[in-house]
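In: Let me see the structure of the following:
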Amino acid sequence: MERATTEQLAMMPIEFKLNGKTVIGRPDEPIITTAQKHGVEIPHLCHGGNQRSDGNCRSCVVEIKGERVLAPSCCRYPTAGMEVTTDSARALASQKMVLELLLSDMTEVSYTRDNKVAYWAQKLDVGQPRFNRREQPKGDLSHPAIAVNLDACIQCTRCVRACREVQVNDVIGYAYRGDRSVPVFDFDDPMGKSTCVACGECVQACPTGALMAARDVGMQAIDKKVDSVCPFCGVGCLLTYHVKENVIQFVTGKDGPANRNRLCVKGRYGFDYAHHPHRLTKPLIRKEGVGKSADFVVDPGNWSAVFREASWDEALARAADGLSKIRDEDRYALAGFGSAKGSNEEAYLFQKLVRTGFGTNNVDHCTRLCHASSVAALLEGVGSGAVSNQVNDVLKAEVVFLIGANPTSNHPVAATFMKNATKAGVKLVVADPRRGDLARHATYYLQFKPDTDVALLNAMIHTIIDENLVNEEFVKERTTDFDALKENAKDFSPEAMAPVCGIPAETIREVARLFARSRGSMILWGMGVSQHVHGTDNARCLIALCLMTGQIGRPGTGLHPLRGQNNVQGASDSGLIPMMYPDYQRVNTDEANQRFEKFWGTKLDKKPGLTVVEIMHAATEGKIRGMYIMGENPAMSDPDLEHARAAMAKLEHLVVQDIFLTETAYLADVVLPATAWPEKDGTVTNTDRMVQLGRRALKAPGEAREDLWTIVELAKRLGLPWRYSHPREVFEEMRGCMDSIKGITWERLERDSSVTYPCENEGDPGEPVVFQTHFPTATGRARFVPADLIPAAERPDAEYPMVLITGRQLEHWHTGAITRRSGVLDAIEPEPVVSLHPLDLEALGAKPGDIVTVESRRGRISLFARMDEGTPRGAVFIPFCYYEAAANLLTNPVLDPFGKIPEFKYCAVRVTRGGARPGDPGYGKGRALAELYG
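Out: Numbers count the residues shown, from 1 in each chain. So this is what the prediction gives:
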């Protein structure tokens with residue numbers, strides 16, 4: 001007979017008695033959970049949410065027959081034949097006494113009159129406490145997001161467990177003794193001065209109001225609660241909007257498959273942008289005689305100097321007339337940029353409009369600027385651009401290899417699962433030129449030199465071959481071209497590559513052995529891998545590491561490029577890229593071309609379109625004359641911004657659809673006011689391949705319209721016979737041409753909120769792990785593609801001696817158009833900063849907070865200096881979200897030849913002390929670091 005696994009044993013039913021009735025429980029569920037399932041209420045305060053219970057508060061005690069003392073039902077598990085009584089005289093007396101004691105120690109104020117203690121005291125008919133109240137600690141209102149009211153604290157320690165065990169931020173601890181014992185932040189610092197990252201997990205866990213949203217948020221009565229999806233990064237956290245009078249009051253995490261109730265600072269506090277006074281509420285048309293240039297400063301509160309208001313009919317007619325005029329003269333002179341911040345349905349209709357209404361494949365979106373090289377390598381190597389395993393699989397791995405990513409800033413909730421995994425014994429390897437917070441959890445931290453990814457990874461490949469660690473059976477049965485990889489690896493010994501990448505040879509060998517020998521190794525990477533001229537080669541090496549060791553196709557293994565925006569995966573899946581129809585069907589193949597010509601009922605162009613940067617080059621040359629841009633801000637996100645802005649200023653006709661007057665919208669001829677994410681229905685697909693439903697929570701302001709409506713109305717005026725009235729109609733059409741989601745129905749999404757693809761038949765559960773038996777290639781095999789050393793296109797020299805690395809920061813997202821209009825987020829990080837190593841800052845003669853100027857061959861910006869020991873010497877790091885000090889004024893637009901992605905992560909700069917305040921004209925003059933690095 002087969003022995004049951006631990007998981008199977010945990011699912012086996014247990015029969016026991018609860019208040020005299022026979023019930024069925026599970027050995028992995030505490031008594032209180034079984035009681036709740038059977039409608040039996042037991043008071044509880046320290047139990048709840050997504051954290052373990054420790055019986056701290058003792059309000060949930062029950063009587064178990066034959067036992068001398070009462071047992072906390074939140075951390076006591078049933079056994080066969082157990083007899084439990086929740087409402088015996090003894091249990092009730094103890095429960096009431098606990099609640100009375102807690103009430104007696106709590107100040108009577110607004111946030112304590114309706115908390116969980118008051119709720120259970122009322123339920124059990126506990127009267128006024130008979131005991132004296134002790135002196136209460138003072139409140140702490142030093143943090144812009146979270147208020148600390150320790151006069152409401154009951155020492156249940158849920159906040160400590162939320163911070164240390166769930167989010168693993170290790171900020172909240174427990175200090176002092178006796179009646180002075182309290183939760184503290186770091187070394188009993190004010191919360192606003194502590195290392196708190198404002199994830200709000202403690203607020204969601206707190207049952208009393210001791211920790212709550214600042215400024216009495218959450219004290220309002222709520223009109224409705226709406227479940228939706230976070231509009232920020234690609235993790236795809238499910239959440240609940242709490243709404244009163246068409247205003248989001250606060251947000252809580254939902255138990256979604258990607259977040260398990262967790263949120264980060266953006267998801268929890270970055271919602272008020274939807275109510276910002278800068279929202280566009282009426283269509284705008286550029287005034288006659290107002291010209292365009294690359295040199296401008298946007299004042300979104302004073303748009304009337306450039307634009308006039310118009311009716312929707314006039315604006316749509318003006319938009320369509322300009323586009324159709326250019327199309328009728330030269331269809332290849334039109335292009336469109338869609339959005340990874342909108343829904344799948346919007347992305348699908350947008351690319352369909354460009355292909356059937358414009359007549360070309362000149363359509364792209366921000367994936368070109370983040371993971372295009374990763375997708376190119378994955379399609380080439382394994383036949384699919386999607387992740388093989390979901391983020392939560394790190395909990396099933398033995399080794400996690402994280403490279404070129406800083407999840408604690410870019411994917412904070414995903415980072416929590418990585419930290420949970422390390423606490424459970426998983427070995428984490430972090431490889432990155434910048435030392436991030438996850439490095440402290442790592443078994444190995446490899447701080448390799450910028451631009452030397454291939455050297456490091458090829459040295460690992462060499463080691464695995466050299467030490468006979470290759471999974472020969474997997475390579476033979478499921479791959480091709482291994483001999484080419486083996487031949488290429490001969491010249492990349494760790495001893496030869498150590499001086500190149502800066503990692504000791506023996507360390508490289510140890511990490512390679514660890515990866516190859518483990519029962520499950522998983523690779524996750526970010527834009528530090530992809531945003532190079534050799535980004536595709538970087539990804540090819542990661543693919544090779546998985547294939548040669550057989551670390552793919554099983555839980556706890558595989559390849560996962562962490563997606564940056566909330567729907568960059570879904571927008572790509574939906575065909576918002578110039579060389580692919582939906583589901584990655586190539587436009588230049590007869591099979592795909594004929595399928596979509598028949599499906600859409602029109603002739604289609606077989607010529608792959610231009611990518612984001614190529615479109616800007618073509619606009620500069622006058623080859624692209626008109627554009628339709630929805631929800632993208634290339635005037636902030638493109639490399640070499642002066643060039644990109646000049647290109648857009650040269651366009652004959654530019655139509656922009658957005659919620660704010662962004663830098664890109666400022667260059668438009670027609671601006672169409674759109675809806676924010678909480679103002680519409682639609683699906684998005686997260687980094688884990690989960691198709692998730694976003695639900696409308698708010699009415700749009702003024703005359704702003706849903707993006708789907710606007711796309712359809714514009715399509716009609718371009719001659720397309722469209723009649724879509726709801727996203728479900730579009731999703732139904734998508735199912736007809738996208739085999740990966742064919743089995744997902746709108747009704748199922750409304751019921752379940754989240755379904756993983758591929759899901760090819762209705763009722764299928766979806767496949768969280770793919771490539772288990774074969775790869776989606778013509779042969780069913782994956783392919784090795786060797787990579788050689790290719791240096792960055794621009795290296796430091798005597799004139800520009802340092803390296804610029806760009807990226808995101810925790811509190812802000814993408815170009816900042818949304819998060820910098822969120823009160824809490826902008827209060828935490830209000831000003832542009834450049835991070836430098838302390839020794840570089842000292843050599844510059846500057847101190848933290850001083851203004852410094854960073855200059856490349858393309859532009860210059862002034863920012864506030866920030867000391868950061870994690871930034872390597874000779875490098876600077878700048879977030880690209882600050883319009884007044886736009887990092888992409890400096891970056892190099894040179895492209896990876898395969899993914900056509902710009903080299904955002906490496907260019908040569910010089911840094912000088914001093915300069916104008918960020919956003920002002922001019923730049924600094926002072927002591928340069930050229931002396932040190934020249």
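In: drop to CA atoms for contacts and neighbour counts, all remaining ones
Out: Will do.
In: can you give me the helices for the stretch 451-600 of the chain?
Out: 453-466, 472-478, 482-489, 494-501, 505-517, 527-530, 535-549, 568-573, 590-600 (DSSP state H, counting those that start in this stretch).
In: which outside residues touch the longest one?
Out: By CA atoms under 8 Å, 6 or more residues apart in numbering, the list of residues contacting helix 535-549 from outside reads 373-374, 376-378, 381, 453-454, 457-458, 460-461, 469-472, 474-475, 479, 516, 521-523, 529-530, 551-552, 558-559, 782, 784-788, 896, 898-899.
In: can we see that at 6 Å?
Out: Residues outside helix 535-549 that contact it (CA atoms under 6 Å, 6 or more residues apart in numbering) are 373-374, 377, 454, 470-471, 475, 516, 529, 784, 787.
In: I'd like the residues you listed written out as JSON lines, with pLDDT added.
Out: Listed next are the contacts of helix 535-549 as JSON lines, based on pLDDT from 0 to 100:
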{"residue": "S373", "pLDDT": "92"}
{"residue": "S374", "pLDDT": "93"}
{"residue": "A377", "pLDDT": "95"}
{"residue": "V454", "pLDDT": "97"}
{"residue": "V470", "pLDDT": "98"}
{"residue": "N471", "pLDDT": "98"}
{"residue": "V475", "pLDDT": "98"}
{"residue": "A516", "pLDDT": "98"}
{"residue": "V529", "pLDDT": "94"}
{"residue": "F784", "pLDDT": "98"}
{"residue": "A787", "pLDDT": "97"}
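In: List just the nearest of those to G816.
Out: The closest of the contacts of helix 535-549 to G816 turns out to be V529 (CA to CA; 22.8 Å).
In: The closest one and N458, how far apart?
Out: Separation of V529 from N458 (CA to CA, to the nearest Å): 14 Å.
In: count of residues packed around L789?
Out: Using other CA atoms under 10 Å, L789 is surrounded by 15 other residues.
In: Helix, strand or coil: sort out it for me.
Out: Following DSSP: H, G, I helix; E, B strand; the rest coil, the label given to L789 is coil.
In: Give me the number of neighbouring residues for the closest residue to it other than its chain neighbours.
Out: Distances taken as CA to CA, 6 or more residues apart in numbering place V454 nearest to L789, at 6.2 Å, with adjacent residues excluded. By other CA under 10 Å, 26 other residues sit near V454.
In: any idea how far V454 is from V568?
Out: Relative to V568, V454 is positioned 26 Å away (CA to CA).
In: And the strands in the stretch 751-900 of the chain?
Out: Assigned strands in the stretch 751-900 of the chain, in chain order: 754-756, 782-783, 802-807, 833-836, 851-855, 860-867, 875-879, 892-895 (criterion: DSSP state E, counting those that start in this stretch).
In: Please identify which helix or strand holds E642.
Out: Here E642 sits within helix 641-650, counting by DSSP states H and E.
In: The helices of the stretch 451-600 of the chain into JSON lines, with extra columns for distance to A442?
Out: Shown next, in JSON lines, are those (distance: least, CA to CA, whole Å):
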{"stretch": "helix 453-466", "distance to A442": "18"}
{"stretch": "helix 472-478", "distance to A442": "29"}
{"stretch": "helix 482-489", "distance to A442": "27"}
{"stretch": "helix 494-501", "distance to A442": "19"}
{"stretch": "helix 505-517", "distance to A442": "12"}
{"stretch": "helix 527-530", "distance to A442": "18"}
{"stretch": "helix 535-549", "distance to A442": "19"}
{"stretch": "helix 568-573", "distance to A442": "28"}
{"stretch": "helix 590-600", "distance to A442": "45"}
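In: Figure out which of those helices is closest to P768.
Out: helix 568-573 (14.9 Å).
In: which residues are contacting the closest one?
Out: Here helix 568-573 makes contact (CA under 6 Å, 6+ apart) with 340, 344, 347, 582-583, 684-685.
In: Which of the helices of the stretch 451-600 of the chain sits closest to S59?
Out: Closest among the helices of the stretch 451-600 of the chain, using CA to CA: helix 568-573, at 45.9 Å.
In: gap between that closest one and the chain center?
Out: Relative to its parent chain, helix 568-573 has a centroid offset of 14 Å by CA atoms, centre = their mean, to the nearest Å.
In: which residue is nearest the centroid of this structure?
Out: C233 (2.2 Å; CA atoms, centre = their mean).
In: I'd like to know how far it sits from Q809.
Out: Computed as CA to CA, the C233 to Q809 distance reads 12 Å.
In: Ok, L469 next?
Out: Distance from L469 to Q809, counting by CA to CA: 38 Å.
In: Also F596?
Out: Taken as CA to CA, the span from F596 to Q809 is 40 Å.
In: Low-confidence stretches in the protein?
Out: The chain contains residues with pLDDT under 70 at 1-10, 217-219, 919-934.
In: quick check: longest helix of it.
Out: helix 312-329 (DSSP state H).
In: how about that helix: buried residues?
Out: Neighbour-count burial for helix 312-329 flags 312, 315-324, 326-327 (criterion: 16 or more other CA atoms under 10 Å).
In: Quick check: neighbours of the helix or strand that comes right after it in the sheet, parallel or antiparallel?
Out: Sequence order places strand 334-337 as the next helix or strand after helix 312-329, per DSSP H and E. Sheet pairing for strand 334-337, assigned by DSSP bridges, gives strand 363-364 (parallel), strand 626-630 (parallel).
In: possible to save those strands as a markdown table with mean neighbour count?
Out: Below are the strands paired with strand 334-337 laid out as a markdown table (neighbours: other CA atoms under 10 Å):
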| stretch | mean neighbour count |
| --- | --- |
| strand 363-364 | 30 |
| strand 626-630 | 26 |
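In: quick revisit: ok, and which of the helices of the stretch 451-600 of the chain has the densest surroundings?
Out: Comparing those by mean neighbour count (mean count of other CA atoms under 10 Å), helix 568-573 ranks first with a mean of 30.
In: how much space is there between the residue lying closest to H44 once chain neighbours are set aside and G357?
Out: The shortest distance from H44 to any residue other than its chain neighbours is 5.0 Å, reached at C60 (CA to CA, 6+ apart). Taking CA to CA as the measure, C60 falls 64 Å from G357.
In: now swap in G915 and tell me
Out: In terms of CA to CA, G915 sits 49 Å off from G357.
In: was I right about the residue nearest to the centre of the chain contacting N566?
Out: Yes: C233 is within contact range of N566, at 4.6 Å (criterion: CA atoms under 6 Å).
In: before we move on, the earlier item: widest-spaced pair of the contacts of helix 568-573?
Out: The largest distance within the contacts of helix 568-573, taken as CA to CA, falls between A340 and D583 and amounts to 15.7 Å.
In: Span of stretch 81-91 from start to end?
Out: Stretch 81-91 end-to-end distance (CA to CA) = 20 Å.
In: Please identify the buried residues of it?
Out: When burial is assessed from 16+ other CA under 10 Å, stretch 81-91 yields the following buried residues: 82-87, 91.
In: Repeat that for stretch 48-60.
Out: Here stretch 48-60 shows 49, 51-60 as buried, counting by 16+ other CA under 10 Å.
In: Let me see the residues that make contact with that stretch.
Out: Residues outside stretch 48-60 that contact it (CA under 6 Å, 6+ apart) are 42-44, 46-47, 72-73, 75, 95, 98, 156.
In: From the chain's centroid, how far away is that stretch?
Out: Relative to its chain's centre, stretch 48-60 lies at 30 Å (CA atoms, centre = their mean).
In: would you put the C-alpha positions of it in CSV?
Out: Listed next in CSV are the C-alpha coordinates belonging to stretch 48-60 (Å, rounded to 0.1, in the frame of the first residue of the first chain):
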residue,chain,number,x,y,z
GLY,A,48,-6.8,36.2,11.8
GLY,A,49,-5.5,37.2,8.4
ASN,A,50,-2.7,35.4,6.7
GLN,A,51,-0.4,34.9,9.7
ARG,A,52,0.0,32.2,12.3
SER,A,53,-1.8,32.4,15.6
ASP,A,54,0.0,32.0,18.9
GLY,A,55,-2.8,32.1,21.5
ASN,A,56,-1.5,35.4,22.8
CYS,A,57,-4.7,37.2,23.8
ARG,A,58,-6.5,34.2,25.3
SER,A,59,-9.9,35.5,24.3
CYS,A,60,-10.7,32.4,22.2
